[in-house]
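Participant: Let's see this in three dimensions:
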Amino acid sequence: MTGEAVVNVAIVGGVLAIGALILLYTARKKDEVNWIVARAVPLPAGYANPGDDVWISGEIVCPGPLETPFTNLGCVFFHYQLEERVRRTRVVNGRRQHYWTWETRENYSRSVNFAIRDASGQLWVRSEQAEFDPVSVGTHTDGRWRHTEQALLFPGQASAVGTVLEGRQWLGRQGNVPLIATHRSRGDYVRSQETSERVCRGFGYGLLVVGAGLLAAAAAGALRPGDIAALVVAVVAAQALVALAWGLNAYNQLISYRNRVLNAWHQVEVELRARYDVVDNLVSVVKAAAEHERSVLEAVTRARGSAESAAGIAAQISAQGELAGHIRSLIALGERYPSLRTHTNFLKLQQQLSAIETKIAYARGFYNESVTEYNTTVGKFPLLIVAKLTGHAPCPHYVTEEHLARGVAEPPHVAIDR
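Facilitator: Below is the predicted model of the structure:
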């Protein structure tokens, strides 16, 4: 290669490599945000407590909705852009050329506080803290003017993710947990963000391979002009470095997914500890009203102690299944003893237990989603090579008796203990 060609190749390679690093950094940031968003448990609004990171879905409630500026549609958020078609002039090769283009005249957003209501209650969304994922209302051309609108329409359905604030009335942004309001369901939103992340990562590695190859070719051409062997060695060495970088990123990805499993299990444990407290209180109430049901009470107490002392995720899952069966036996006593059916504390504890079981079900579902993501990553080529070399084994799902009754097979008990 000539000196000018070497410089041009090096510039192109450098630009591609920088672009690749930007895309990979963007993918990493998207992955961090996606994990935070996916970690939030989907819950009915009425079951959310202060400090919970939750997804809620339902009907939008708004006493004072906005209207989109051009189409006059009701909404709680809109983004509006007004453009004008203008004639401009440019000089090309010493000649003046006229052309038409769109220039922005207005570009702004508006939002208002609103609530999302489901069958259990409602939570208000602080619009000033929210990031909106609106639906496109459309682009409308009116003479030389072009109007583009996006909005979260009212009336309509919406989903939001955020942290429940004190008072259990508001959903807001807290710490690294964002407040996002979207017209899509939780599943659709998370999948769209994961797709965006994968596209960024794929293009990033593609550009990195090409950019590193061009830089290596430029270096070989500058140091040993005309030496084909040196050129080949340089390109191969550059690709080997890219492969090493991919391997390190793959290892970090496996660590990240494994930590997601552990964090998801921690969410399950939080709800299980709340269930232990309710079970203890239920045993005390039943003991006072039906003391001769000693076998049931002792079985519940033993199962509760075994579940709390179980070591490792697989052992805890097994112990929780046994405890759940004994809890059903304990609750069934309420049907046999009229004094329990009318006992205020017993009824109140039943309601608390029902709410906790709902939370456990949602937390268990998220844990299983995290396990599926991790196990899929561990078993997918070429990541499985890195997984085997670094000792990453599949994790157990949290399978209940209801799953087994529907014919869902229990995954192998391979551990990722804390």
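
Participant: Packing partners of the helix or strand containing residue 252?
Facilitator: Element membership of residue 252, judged by DSSP states H and E, is helix 228-289. Judged by 3 or more Cβ pairs under 8 Å, 6 or more residues apart in numbering; DSSP states H and E, helix 228-289 is in contact with helix 3-39, helix 186-223, helix 294-309, helix 313-336, helix 338-341, helix 344-378, helix 383-390. Where C-beta positions appear, they are placed from N, C-alpha and C, glycine not excepted.

Participant: how far is the longest one from where the chain is centred?
Facilitator: When you say that, I think you mean helix 186-223. Between the centre of helix 186-223 and the centre of its host chain there is 22 Å, according to Cα atoms, centre = their mean, to the nearest Å.

Participant: What of the shortest one?
Facilitator: Distance, stretch centre to chain centre, for helix 338-341: 44 Å (Cα atoms, centre = their mean).

Participant: With the third one instead?
Facilitator: Taking Cα atoms, centre = their mean, the mean C-alpha location of helix 294-309 is offset from the chain mean by 36 Å.

Participant: Need the contact partners of it.
Facilitator: With Cβ atoms under 8 Å, 6 or more residues apart in numbering as the test, helix 294-309 has contacts from 272, 276, 279-280, 283, 286-287, 316, 319-320, 322-323, 325-327, 329-330, 333.

Participant: Extract the CA atoms of it and return them as CSV.
Facilitator: The C-alpha trace of helix 294-309 is given here as CSV (Å, rounded to 0.1, in the frame of the first residue of the first chain):
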residue,chain,number,x,y,z
ARG,A,294,-51.7,-30.6,67.6
SER,A,295,-50.4,-32.8,64.7
VAL,A,296,-51.2,-30.1,62.1
LEU,A,297,-49.7,-27.3,64.2
GLU,A,298,-46.5,-29.3,64.9
ALA,A,299,-46.2,-30.3,61.2
VAL,A,300,-46.5,-26.6,60.2
THR,A,301,-43.9,-25.5,62.8
ARG,A,302,-41.4,-28.2,61.7
ALA,A,303,-41.9,-27.4,58.0
ARG,A,304,-41.5,-23.7,58.8
GLY,A,305,-38.2,-24.3,60.7
SER,A,306,-36.9,-26.6,57.9
ALA,A,307,-37.7,-24.0,55.2
GLU,A,308,-35.9,-21.2,57.1
SER,A,309,-32.8,-23.2,57.8
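
Participant: For it, buried residues please.
Facilitator: When neighbours are counted by 16 or more other Cβ atoms under 10 Å, the buried residues of helix 294-309 are found to be 296-297, 299-300, 303-304, 306-307.

Participant: Quick check: phi and psi on residue 49?
Facilitator: When read as degrees, to the nearest 10, the backbone of residue 49 gives phi -110, psi 160.

Participant: Mind pulling the model confidence for it?
Facilitator: The model reports residue 49 with a pLDDT of 84.

Participant: wait, doesn't it sit right on residue 167?
Facilitator: No: if you go by Cβ atoms under 8 Å, residue 49 and residue 167 don't touch, sitting 10.9 Å apart.

Participant: Which one's more surrounded, these two?
Facilitator: Between residue 49 and residue 167, counted using other Cβ atoms under 10 Å, the more crowded position is residue 49 (12 against 8).

Participant: how much space is there between that one and residue 363?
Facilitator: Going from residue 49 to residue 363 by Cβ to Cβ, to the nearest Å gives 13 Å.

Participant: So what sits opposite the nearest residue to residue 134 once chain neighbours are set aside in the bridge?
Facilitator: Using Cβ to Cβ, 6 or more residues apart in numbering and skipping the chain neighbours, the partner closest in space to residue 134 is residue 150 (4.2 Å). For residue 150, the beta-bridge partners are residue 79, residue 136 (DSSP bridges).

Participant: can you tell me which residues contact residue 150?
Facilitator: By Cβ under 8 Å, 6+ apart, the contact list for residue 150 reads 78-79, 134-137.

Participant: Swap in 10 Å and give it another go.
Facilitator: 68, 75, 77-81, 109, 132-138, 183 (Cβ atoms under 10 Å, 6 or more residues apart in numbering).

Participant: Which residues does stretch 11-31 contact?
Facilitator: Outside stretch 11-31, the residues within contact range by Cβ under 10 Å, 6+ apart are 193-194, 196-219, 238, 242, 245, 249, 252-253, 256-257.

Participant: Got a ChimeraX select line for the buried ones in those?
Facilitator: To isolate the buried members of the contacts of stretch 11-31 in ChimeraX, using 16+ other Cβ under 10 Å:
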select :193,197,200,201,203,204,205,207,208,209,210,211,212,213,214,215,216,217,218,219,238,242,249,253,257
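
Participant: got a list of what residue 139 touches?
Facilitator: Contacts of residue 139 (Cβ under 10 Å, 6+ apart): 70, 81, 83, 146-149.

Participant: Now rank these by neighbours and give me the top one.
Facilitator: Neighbour counts for those (other Cβ under 10 Å) peak at residue 149, which has 22 neighbours.

Participant: wait, doesn't it sit right on residue 106?
Facilitator: No: Residue 149 lies out of contact with residue 106 (Cβ atoms under 10 Å); the separation is 11.5 Å.

Participant: Now for these two: what residues contact both?
Facilitator: Contact criterion Cβ under 10 Å, 6+ apart; residues shared by residue 149 and residue 106: 69, 80-82.

Participant: which ones among these are found in strands?
Facilitator: 80-82 (DSSP state E).

Participant: How much space separates the closest residue to residue 55 other than its chain neighbours from residue 208?
Facilitator: Using Cβ to Cβ, 6+ apart and skipping residues adjacent in sequence, the residue nearest residue 55 is residue 42, 4.1 Å away. Here the criterion is Cβ to Cβ. By it, residue 42 lies 37 Å from residue 208.

Participant: ok so, going back, the helix holding residue 252 relative to helix 294-309, how many degrees between them?
Facilitator: For helix 228-289 against helix 294-309, the angle between stretch directions is 150 degrees (axes from the mean of the first three to the mean of the last three Cα atoms, to 10 degrees).

Participant: Quick one: mean pLDDT over helix 228-289.
Facilitator: The average of the pLDDT scores along helix 228-289 is 83.

Participant: Next: stretch 324-341.
Facilitator: For stretch 324-341, mean pLDDT rounds to 82.

Participant: buried set for it?
Facilitator: Neighbour counts using 16+ other Cβ under 10 Å place 324, 326-327, 330-331, 333-334, 340 of stretch 324-341 among the buried residues.

Participant: export those residues to TSV and tack on distance to residue 396?
Facilitator: Output for the buried residues of stretch 324-341, formatted as TSV (distance: Cβ to Cβ, whole Å):
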residue	distance to residue 396
324	17
326	22
327	22
330	27
331	27
333	32
334	33
340	36
